[in-house]
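Q: Quick one, what's the 3D model for this:
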Amino acid sequence: MTAQGQAKKTTYTAAASAAEARALADEMVSVMSELIAVIEQETELVRAGKLREGMALGPTKTELSRHYVTTVGRLKASQTFMKQAAPELLATLHRHHDTFRAMLQVNLTVLATAHAISEKIVRGVNAEVQRKNIPSTYTAGGRRAAPGARHLTPLAVSRTL
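A: Now for the predicted structure:
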């Protein structure tokens, strides 16, 4: 297997003391709280139709997501130690993560709805443009003639707002 084909393996250092476990748990709660705040803000902006402002939160959300993934990796590496040394801390993290997951689900639902609506609008506009560009002709039998490919005009959409 070539170097390009091999997956990058990232190792995370596990917490080795109660203080490190506590600091890691605090970091996880902090990053989830920051990410929830950004997600809630994005959800409200998208619901209000302010897509440009919602998209502006993308870089912040991406950076916080990277931090979240890194912290989860460190927590997974520390899970055995934390089960033995601080089970109540691990239980608190699980509860906080359940809340985080619920908020993320709401955000994903709002984004999926906005995507579906915008796609329906674009398809509707395209159908209307095509309808107006196609000549209205009939066959000798009095049926509507199918338009040729030369009458179809592609619709170009800019993804930047």
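Q: CA atoms only for stretch 14-28, dumped as CSV, please.
A: Taking C-alpha atoms only, stretch 14-28 is exported to CSV below (Å, rounded to 0.1, in the frame of the first residue of the first chain):
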residue,chain,number,x,y,z
ALA,A,14,-5.0,9.6,27.8
ALA,A,15,-5.6,11.3,31.1
ALA,A,16,-3.3,9.9,33.7
SER,A,17,-4.6,11.6,36.9
ALA,A,18,-7.8,12.8,38.3
ALA,A,19,-6.8,16.4,37.7
GLU,A,20,-6.2,15.7,34.0
ALA,A,21,-9.5,13.9,33.7
ARG,A,22,-11.3,16.8,35.3
ALA,A,23,-9.5,19.3,33.0
LEU,A,24,-10.4,17.1,30.0
ALA,A,25,-14.1,16.9,31.1
ASP,A,26,-14.2,20.7,31.6
GLU,A,27,-12.7,21.2,28.2
MET,A,28,-15.3,18.9,26.7
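Q: Tell me the buried residues in it?
A: Residues Ala14, Ala15, Glu20, Ala21, Leu24, Ala25, Met28 are the ones in stretch 14-28 that count as buried (16 or more other Cβ atoms under 10 Å). In short, each C-beta sits where N, CA and C put it, glycine included.
Q: Repeat that for stretch 107-117.
A: By neighbour count on 16+ other Cβ under 10 Å, the buried set for stretch 107-117 is Asn107, Val110, Ala114.
Q: Quick one: the buried residues of stretch 14-28 as a markdown table, columns for distance to Pro59 and pLDDT too.
A: Formatted as a markdown table, the buried residues of stretch 14-28 follow (distance: Cβ to Cβ, whole Å; pLDDT from 0 to 100):
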| residue | distance to Pro59 | pLDDT |
| --- | --- | --- |
| Ala14 | 30 | 82 |
| Ala15 | 30 | 83 |
| Glu20 | 30 | 90 |
| Ala21 | 31 | 88 |
| Leu24 | 25 | 91 |
| Ala25 | 27 | 91 |
| Met28 | 22 | 94 |
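Q: out of these, which are inside helices?
A: Counting by DSSP state H, those place Glu20, Ala21, Leu24, Ala25, Met28 in helices.
Q: Who are the contact partners of the closest residue to the second one other than its chain neighbours?
A: In space, not counting the residues next to it along the chain, Ala21 is nearest to Ala15; the distance is 4.2 Å by Cβ to Cβ, 6 or more residues apart in numbering. Neighbour list for Ala15: Ala21, Ala23, Leu24, Arg74, Ser78, Phe81, Met82 [criterion: Cβ atoms under 8 Å, 6 or more residues apart in numbering].
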